[in-house]
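Trainee: No letters, just coordinates:
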């Protein structure tokens, strides 16, 4: 069903709908569908495209402020069933806001389905089909790029992320999530981390996993300011092959946690960062 059910009128080709988007992958996809001008606020993790950074924020998607969402006077609030705390949905529902949940984009197939669903809901089916076709072409191009490099060794890679909610570093990889899928598509093996996950990072588990390369997401890497500080501060990193060889790579978090319109480009970027020697040989 299209968003017309909320009684929004079309004026000069621009809808007057006010949308609060609480999931970063939905934010990127709405901008891709040409609906970015309708978004009035986002969660803190919605940092792509750059235009999203200019919007008001209503808290981290798992630590949202119901009052801030309500204060935006939105016509529609969208999320992907991973928001918190527990009182958010009841409170904004009680306030009479229109709320719509969409799926995740944890696989290529689910990203395709989600884009189709968003296209139908917002009346942009043709644009959604075009985005899907371009996304799949990009992923195929990434596969061809990797194949052309003829990489014979399989590097072990660990993704370390700084969680805003827990105010702590944690290992994102080793759980068969999007990050692991991206690493495999880039010709690498996720390092097996036997630790406690997001609650407490284990220096011993990081050292035992012994990745050849560590991918550090942007916020966590940037707050350290340098590889040297990252090695000193993040538990266990200095004991790994990645630490000893200073193979710490910075990568945007939003490019590792969902599949979307730019996935093919992101995989190629990851391939070139993880296999610089192979890329240089092809040149």
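Mentor: Received it, and whenever you're ready, just let me know what you need. The shown structure was predicted, so the numbers you read here are calculated from the model rather than taken from an experiment.

Trainee: where exactly do the helices run in the stretch 51-200 of the chain?
Mentor: With DSSP state H, counting those that start in this stretch as the criterion, the stretch 51-200 of the chain has helices at 66-71, 88-94, 108-121, 125-149, 178-185.

Trainee: starting at the chain centroid, how far to the longest one?
Mentor: This points to helix 125-149. Relative to the centre of its chain, helix 125-149 is centred 18 Å away, using C-alpha atoms, centre = their mean, to the nearest Å.

Trainee: ok and that helix relative to helix 108-121, angle-wise?
Mentor: Direction vectors for helix 125-149 and helix 108-121, defined by axes from the mean of the first three to the mean of the last three C-alpha atoms, to 10 degrees, enclose an angle of 160 degrees.

Trainee: Mind giving me the packing neighbours of helix 125-149?
Mentor: helix 24-32, helix 108-121, helix 178-185, helix 263-274, helix 276-282 (3 or more C-beta pairs under 8 Å, 6 or more residues apart in numbering; DSSP states H and E). Backbone N, C-alpha and C define where each C-beta goes, glycine included.

Trainee: So which of the ones you listed is nearest residue 80?
Mentor: Closest of the helices and strands packed on helix 125-149 to residue 80 is helix 24-32, at 6.2 Å (criterion: C-beta to C-beta).

Trainee: and the helices and strands packed on helix 125-149 as TSV, adding distance to residue 207 and mean pLDDT?
Mentor: Compiled in TSV, those are given as follows (distance: least, C-beta to C-beta, whole Å; pLDDT from 0 to 100):
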stretch	distance to residue 207	mean pLDDT
helix 24-32	32	98
helix 108-121	33	98
helix 178-185	20	97
helix 263-274	21	97
helix 276-282	25	63
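
Trainee: can the helices of the stretch 51-200 of the chain go into TSV with extra columns for mean neighbour count?
Mentor: Shown next, in TSV, are the helices of the stretch 51-200 of the chain (neighbours: other C-beta atoms under 10 Å):
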stretch	mean neighbour count
helix 66-71	17
helix 88-94	16
helix 108-121	18
helix 125-149	16
helix 178-185	22
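
Trainee: Which of these sits closest to residue 237?
Mentor: When those are compared (using C-beta to C-beta), the closest one is helix 178-185, at 16.9 Å.

Trainee: Helix, strand or coil: sort out residue 204 for me.
Mentor: What DSSP: H, G, I helix; E, B strand; the rest coil gives for residue 204 is helix.

Trainee: so what's the backbone phi/psi at the closest residue to it other than its chain neighbours?
Mentor: Leaving aside its sequence neighbours, residue 204 sits nearest to residue 236 (C-beta to C-beta, 6 or more residues apart in numbering; 6.7 Å). With angles defined as degrees, to the nearest 10, residue 236 sits at phi 80, psi -20.

Trainee: okay, the closest residue to residue 265 other than its chain neighbours: pLDDT?
Mentor: Using C-beta to C-beta, 6+ apart and skipping residues adjacent in sequence, the residue nearest residue 265 is residue 138, 5.9 Å away. We have a pLDDT of 98 for residue 138.

Trainee: do the same with the one 3 residues further on
Mentor: With respect to pLDDT, residue 141 has a value of 98.

Trainee: Pretty sure the residue nearest to residue 265 sits against residue 262.
Mentor: Yes. Using C-beta atoms under 8 Å, residue 138 is in contact with residue 262, at 7.4 Å.

Trainee: re the thing from before, wait, the residue nearest to residue 204 sits on residue 211?
Mentor: No. Counting by C-beta under 8 Å, residue 236 stays clear of residue 211, with 10.2 Å between them.
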